[in-house]
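Engineer: this one's sequence-less:
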C-alpha cells in the first residue's frame, strides 16, 4: 500500500479530486458536506494499475484548521499538491508548501484543478516555480477537471509513477503509530486509526499507549482493518484501524503514540537544527510531530541550533522531522530536525 496526503488552498478542489479518483467521499461530517468545506482529515482509497492500493489522507485547506492539516501531513511520505486553474497560487498554497518543506517531504505531484474553467498553463508554470524551491523540487504537473474528467487518467498514471518511486519502508522491528482518530464501534469497542510508517502490526500484538494525560498503558490489538478489510497483519506503509482491548475512546486521542513496548525512549527535551536562525524563534511555540501538537519552550543555542522543552515526553529519535509554529503569528512555520533526543 502507498499513502499520499493532499495539500493546497481552501476551496481548490482537493476533496472533489480525490472523490473523482476513488469514488469515495472524504468529508466524513455532515457539516463539511453541507458547507462544502473540509474541516477535519478524510480518508479514501483506490487501486491503481502498477501501484496497487493507494490511500489518500485529505486535509483541510482553510487556515483555521492548519493544526488538522499538519496532523494529516506529518506521518505521510508523499503529497498531492492541488492548485486551482481559475485562482492560481494563494495564501494557503504557500502555507501548505512551507509545511511540506519543513517536513522535508521529497516525493510529490502537482494537480491543477478546475482546468475546465480557465487555461491551466499559467497556473501550472506559477505553481511549479514555487514548488521547485521546496524539498519537493521539480514535480510533474497534470491539469485536471473533476467535473469533466479531463486529465484524470494522466493523473492516475503520474500517481502510479510517484508511488513506484517511493523508498521501500522498514517492515520489521519496532512500531510507532501516531493516532489520528479514536472512536467506538458497537460490539467491538475502541478503535484508533493512523498511518503506519514503519514496521508491522499483527492481531494479538501488545502495544504501549503513551496517552496525552501522561499515563502509559500496555494494550492488546484485538483486530485490524486496513482500507475497510479485516486483516491478520499489516505492513508499512499503510492506513490501519486497530481495535484495542481494555480502553475507552476518551482515553486515547489524536497525537497519542502507540509503541512497541520497551522499544522506544521518550523525552521532553530535544536539541534540533532549524530551517532558519534559532534566535528568530519565539520563546513559546507549538511543535507538530507525527499527529501531535505540543506546547513547547524554545531556547536558542547557536546559529540554527535550539533546545526545545516539550509539555510532555514523546518518543523521538535523531532524524525525526517536526514543524515549529507560532500560533500567534500568521504563516510562521519553521522546520526542525531532531539531533539529540
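Structural biologist: Sure, I can see it. Since this is a predicted model, take the numbers as computed values, not measurements.

Engineer: what ranges do the strands span in the stretch 151-300 of the chain?
Structural biologist: Along the stretch 151-300 of the chain, counting by DSSP state E, counting those that start in this stretch, strands occupy 176-185, 189-196, 200-202, 206-210, 216-226, 229-231, 233-235, 238-245, 257-259, 266-274, 284-289, 292-302.

Engineer: is it possible to export the ones you listed to TSV including mean pLDDT?
Structural biologist: Below are the strands of the stretch 151-300 of the chain laid out as TSV (pLDDT from 0 to 100):
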stretch	mean pLDDT
strand 176-185	92
strand 189-196	93
strand 200-202	98
strand 206-210	96
strand 216-226	95
strand 229-231	95
strand 233-235	97
strand 238-245	95
strand 257-259	97
strand 266-274	97
strand 284-289	95
strand 292-302	96
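
Engineer: if we compare the ones you listed, which one ends up closest to residue 339?
Structural biologist: Closest approach to residue 339 among those is made by strand 266-274 (5.0 Å; CB to CB). Every residue, glycine included, has its C-beta placed from N, CA and C.

Engineer: So which bits of that closest one are buried?
Structural biologist: Residues of strand 266-274 classed as buried by neighbour count (16 or more other CB atoms under 10 Å): 267, 270-272, 274.

Engineer: Stretch 192-211 too?
Structural biologist: Under the neighbour-count rule (16+ other CB under 10 Å), stretch 192-211 has 192-201, 203, 205, 207-211 buried.

Engineer: contacting residues for residue 159?
Structural biologist: The contact partners of residue 159, by CB atoms under 8 Å, 6 or more residues apart in numbering, come to 4, 21, 48, 51, 54, 80, 109.

Engineer: what's the distance between it and residue 55?
Structural biologist: Distance of residue 159 to residue 55, given as CB to CB, to the nearest Å: 12 Å.

Engineer: list residues touching both of the two?
Structural biologist: residue 4.

Engineer: what is the mean pLDDT for the helix or strand harbouring residue 55?
Structural biologist: Assigned by DSSP states H and E, residue 55 belongs to strand 52-58. The average pLDDT for strand 52-58 rounds to 94.

Engineer: what does that strand contact?
Structural biologist: Contacts of strand 52-58 (CB under 8 Å, 6+ apart): 1-6, 14-15, 18, 21-22, 26-27, 38, 41-48, 72-73, 76, 80, 159, 163, 195, 227, 238-239.
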